[in-house]
Structure formats: C-alpha cells, structure tokens
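>>> Next one to model:
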Amino acid sequence: MLQIAFIRENQEKVIKALAKRNMDAKSVVEEVVQLDERRRATQVELDNILAESNKLSKDIGEMMKAGEKAKAAILKEKTVSNKEKSKKLAETADAIAAELTEKLYTLPNLPADIVPEGKTPEENLNVFEAGEVPVLHEGAQPHWELVKKYDIIDFELGNKITGAGFPVYKGKGARLQRALINYFLDKNTAAGYNEVQVPHFVNEASAYGTGQLPDKEGQMYHDATDNLYLIPTAEVPVTNLFRDVLLTENEFPILTTAYTPCFRREAGSYGAHVRGLNRLHQFDKVEIVRIEHPEKSYEALDGMVEHVKEILNELKLPYRILRLCGGDMGFASALTYDFEVYSTAQERWLEISSVSNFETFQANRLKLRYKDKDGKNQLAHTLNGSSLALPRVLAGILENYQTPEGIVIPEVLRPYCGFDIIN
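Residues are numbered from 1 along each chain as shown. Presented below is the predicted three-dimensional model:
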C-alpha cells in the first residue's frame, strides 16, 4: 500500500508513475487526498474537544473542592455534551479512515524508474539469455505426450479425483518432482536462506498484507466457513511471518525459503499454451523471501537474480530474463524480472520464475518496520522470488532432455532422483 503522506506531497508524481502501468489514477489520487484532508480535519476537531473535556474535568474537581457545586454542575453539562460530540466525531473519523484505506488498496505500487514503458508482455525487455537450445530427434513430443508415454503424470486421473488442473504424479515422475523440490531447497539454504514450513491456508489479514487482497480475490480459493484462503504462493505466509514486527538495523538481511503447494483458480483450459503442466490449479513451488534495509534492497534483488541464474545454469536449460514493462508487472511490485525456459518441443518460452522488489508497498500493509540509527521507526523493504516453480521447469526438462531412448535426467539432479533416465 502506498503511504498516504507520500501521495499527499507527491500527487503529480504518483499519477505520472501509475500512468506507466497504463492506469489513469488522477481521480483516485484526488479522492484519496480529499479523504485524508477530511480525516485529519475531523481528528483535529476530535482532539480539541477531548482536550477541552480534560480541562473541564480538572476545573470541575477544583470547583468541587472549593464548594462551588453550582458552577461545577454547569461544567458537567458541558462535559456530557462534549462526550456526545466526541463519540460522533470518533465514529466519523473511523468511517473516513476505513473509506480511505479501501481507496488506498486500489492503488498498485509505483514502478521503479528503470521499469520500461509498455502495455503487453511483448513489450517486456529481454536483458539476458543463456544456454543452448537442444536439437531434438525426429518425432520429439511435447511433455503432455511424453508423460503418457512413460506413465509418469496422469492428468485424467487427477481430473477424476478433483478436476482439471490437478495432476497426479506417478513413479519416476513423483520422484523427479521430489528431487527438484529438495534440490531447490538445498541450493537456497546453501545460499543462506533459512528454511521454514508454513501453513497452506492464510487468514484475510495475511492476504491483505502481501497484496493478494483485494486485487486477486477472484483467483484465490476461499473457505467461507472459516474465512481462510488457500495460498497462491509461499510468499504470502512467509512474508507474513514478519507482520507487525519491529526490527533493528543489525537484523538485516532476513533470508527465508519455503516449499509449498500453491493453489490458483485462474488457470485456463483451452489451447496449447495452457495444456499439460503449462498452467495448473495446484502446483509445487519453492520460494525465497528477503526482508531488507531500503538502502540494500536493489543490491539484494540483483543477488536473487544471480541465484536463480545459477540454478538454471546447473540444470543446463536454455533461459532468458525479462525486465517486465509497466503494463505487465504484478500489482505489488516496483520492479520484476521474469525467468523463462525455452521449450524446444513446444517452440515457445515458458515462465518459470518471477523475482521482485516490492520496496515498502507490502511493509506498509504489514506494519513491518525497523528502528533506524536515530531511533525512528521506518518501513523495511520486502522481496521475493520463485526458486523455482516446478511445473514448467519439469516441462522444460522433459521436453529438452528427451531422446529416442528416454528422458535423460540432468546431472545435478541424479543424486536426488536415484536414476539417470526415464524410459
């Protein structure tokens, strides 16, 4: 959530920055400023009445001691009137504050200066590319055919049990999935990330804290009975570990990693671009989250990008890194880099990771602060990245490592799998 003081003092800057997201924010920003002015004016009026009431209470006490009961009675009537006024003003102030918060929730984060202009994914900036695209044998197949051939993932069985987008992993497919999870976690912990296991359901406050609500409410699975949400990413519960926390500067940086299943209702069901593992309602992901001092967060973002690059280099998959344009960035992000693996069998790029800096946007919602050298409370910066999302990584391995003899396992995964080939 953007800070109201910043919006109030930088209205034109905010409107211009959000225009890079292709958002005309002028009317919302004006409403926010007007509501803030009303809230502050109401609060001043309330504070004045409360101050007057405190003074009246002291005066009444002195009059009673002096035996001036008649005068004290007149002042008591004034305190009764003030009490009624202060109650109404407090209710008005709360109502305005609630309306202001709802308006603030509709404003996405401001893009960083280096975010490119653009409205569509085609306008994202390709900033890095690595790895060799393999030359596949004649008759090479996309992964949804390969998994049938080798009986390692069953989409129809998952559909019978639950519905489309909930696959069943079998045999070597299940073992390869587990191998990837363990490999990713080992890479992350070796890089200094502390592993945690977190709940797969979160409450409403947690979903608001990281920006999933209200922006992505329709994409989340919701249990109405207990008002809990299935997590769309481990970012939500992991980052909320630090909700309402006041840190000291020497606690930075805080590095955390977690494996969780992820649940998203947004998955489509038509066309090759959403077939098989390309888009699922339930999938596995290993996440990294960092809590950083504001002066160090962009250096940390670069380090996270290098970390994901190292993993993909070890998997020997062809990949590229995109700096997302304003129109393609997530709601809470100030700057995002997307990693995409090239699928030779599908002849297309598959997104497998997003690494983002949210600056103070999430921290403001979370009330995640630190005490600076002057003893003042400041908002921390939060960052997160997929390290990695499994479905499309798995799709890339199955398709790019296929041979006439079977699917060769990347060398770095063989100690985790216990086998060298799927055949």
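>>> hey, where'd the strands end up in the stretch 101-250 of the chain?
125-130, 153-154, 168-169, 194-195, 201-203, 222-223, 228-230, 246-248 (DSSP state E, counting those that start in this stretch).
>>> ranking these by burial, who's on top?
strand 153-154 (a mean of 22; mean count of other CB atoms under 10 Å). Just so you know, the C-beta spots here come from the backbone N, C-alpha and C atoms, and that holds for glycine as well.
>>> helices or strands next to it in the packing?
Where contact means 3 or more CB pairs under 8 Å, 6 or more residues apart in numbering; DSSP states H and E, strand 153-154 is packed against strand 168-169.
>>> what about the strand it packs on, distance to the chain center?
Mean-position distance between strand 168-169 and its chain equals 27 Å (CA atoms, centre = their mean, to the nearest Å).
>>> Give me the helices and strands touching that strand, please.
Strand 168-169 packs on strand 153-154, helix 155-161, going by 3+ CB pairs under 8 Å, 6+ apart.
>>> so who does residue 371 touch?
For residue 371, the contact set (CB atoms under 8 Å, 6 or more residues apart in numbering) comprises 246, 247, 248, 249, 377, 378.
>>> Can you tell me which of the residues you listed is closest to residue 410?
residue 247 (38.8 Å; CB to CB).
>>> The closest one contacts residue 291, correct?
Yes. With contacts counted by CB atoms under 8 Å, residue 247 reaches residue 291, the gap being 7.4 Å.
>>> any residues in contact with both of the two?
Common contacts of residue 247 and residue 291, defined by CB under 8 Å, 6+ apart, comprise 254, 368, 380.
>>> Tell me the one of the residues you listed nearest residue 313?
residue 254 (26.4 Å).
>>> shouldn't residue 25 be in contact with residue 14?
Yes. Between residue 25 and residue 14 a contact is recorded at 6.7 Å, counting by CB under 8 Å.
>>> what's the overlap in contacts for the two?
Counting by CB under 8 Å, 6+ apart, the residues touching both residue 25 and residue 14 are residue 107.
>>> Would you mind putting the strands of the stretch 101-250 of the chain into a markdown table with mean pLDDT and distance to residue 407 alongside?
Compiled in a markdown table, the strands of the stretch 101-250 of the chain are given as follows (pLDDT from 0 to 100; distance: least, CB to CB, whole Å):
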| stretch | mean pLDDT | distance to residue 407 |
| --- | --- | --- |
| strand 125-130 | 98 | 22 |
| strand 153-154 | 98 | 12 |
| strand 168-169 | 98 | 14 |
| strand 194-195 | 98 | 29 |
| strand 201-203 | 98 | 35 |
| strand 222-223 | 96 | 38 |
| strand 228-230 | 98 | 31 |
| strand 246-248 | 97 | 46 |
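>>> longest single helix anywhere in the chain?
Determined from DSSP state H, the single longest helix within the chain is helix 26-65.
>>> Please name every helix or strand in contact with that helix.
helix 4-9, helix 11-19, helix 69-105.
>>> among the ones you listed, which is the most enclosed?
Neighbour counts (mean count of other CB under 10 Å) averaged over each of the helices and strands packed on helix 26-65 peak at helix 11-19, with a mean of 16.
>>> Not counting that helix itself, show me its contacts.
With contacts defined as CB under 8 Å, 6+ apart, helix 11-19 is touched by 2, 6, 7, 25, 26, 29, 30, 33, 107, 108, 110, 111.
>>> And for the strand or helix carrying residue 305, what's in contact with it?
Under the criterion of DSSP states H and E, residue 305 resides in helix 297-315. When contacts are defined by CB under 8 Å, 6+ apart, helix 297-315 is touched by residues 128, 130-131, 184, 187-188, 191, 253, 288, 290, 292, 319, 321, 335, 337, 339, 341, 353, 355-357, 359, 381, 383, 385-388, 393, 397, 410, 412-413.
>>> Check residue 175 and give its pLDDT.
You'll see residue 175 listed with a pLDDT of 98.
>>> Run a quick neighbour tally on it.
18 (other CB atoms under 10 Å).
>>> now swap in residue 369 and tell me
19.
>>> Chain neighbours aside, what residue packs nearest to residue 413?
residue 179 (5.2 Å; CB to CB, 6 or more residues apart in numbering).
>>> With residue 403 instead?
Nearest non-adjacent residue to residue 403, counting by CB to CB, 6+ apart: residue 137, 6.5 Å away.
>>> ok, the one you found - how many residues close by?
Neighbours of residue 137 (other CB under 10 Å): 10.
>>> likewise residue 245?
Counted with other CB under 10 Å, residue 245 comes out at 17.
>>> what about the closest residue to it other than its chain neighbours, how many neighbours?
Spatially, and ignoring its direct neighbours in sequence, residue 245 is nearest to residue 368 (5.8 Å; CB to CB, 6+ apart). A count of nearby residues for residue 368, using other CB under 10 Å, gives 24.
>>> OK, contacts around residue 368?
Residue 368 neighbours (CB under 8 Å, 6+ apart): 242, 243, 244, 245, 247, 291, 362, 379, 380, 382.
>>> The residues you listed into CSV, with extra columns for distance to residue 159?
Formatted as CSV, those follow (distance: CB to CB, whole Å):
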residue, distance to residue 159
242, 39
243, 37
244, 42
245, 42
247, 46
291, 40
362, 36
379, 45
380, 43
382, 37
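>>> Filter these down to the ones in helices?
residue 362.
>>> Among the contacts of residue 368, name the buried ones.
Using 16 or more other CB atoms under 10 Å as the burial test, these include 242, 243, 245, 247, 291, 362, 379, 380, 382 as buried.
>>> quick one: which of those residues is nearest residue 98?
When these are compared against residue 98 (criterion: CB to CB), the nearest one is residue 243, at 19.6 Å.
>>> who touches the residue nearest to that closest one when sequence neighbours are not counted in this structure?
In space, and not counting its chain neighbours, residue 243 is closest to residue 366: 4.4 Å by CB to CB, 6+ apart. Each residue near residue 366 by CB under 8 Å, 6+ apart is listed here: 209, 210, 239, 240, 242, 243, 244, 382.
>>> Count the neighbours of the nearest residue to residue 275 once chain neighbours are set aside for me.
The shortest distance from residue 275 to any non-neighbouring residue, by CB to CB, 6+ apart, is to residue 144 (5.3 Å). Using other CB under 10 Å, residue 144 has 19 neighbouring residues.
>>> Could you verify my assumption that residue 236 touches residue 212?
Yes. Residue 236 is within contact range of residue 212, at 6.1 Å (criterion: CB under 8 Å).
>>> Report the spatially closest residue to residue 350, excluding sequence-adjacent ones.
Looking at residue 350 with CB to CB, 6+ apart, the closest residue is residue 392, at 4.1 Å.
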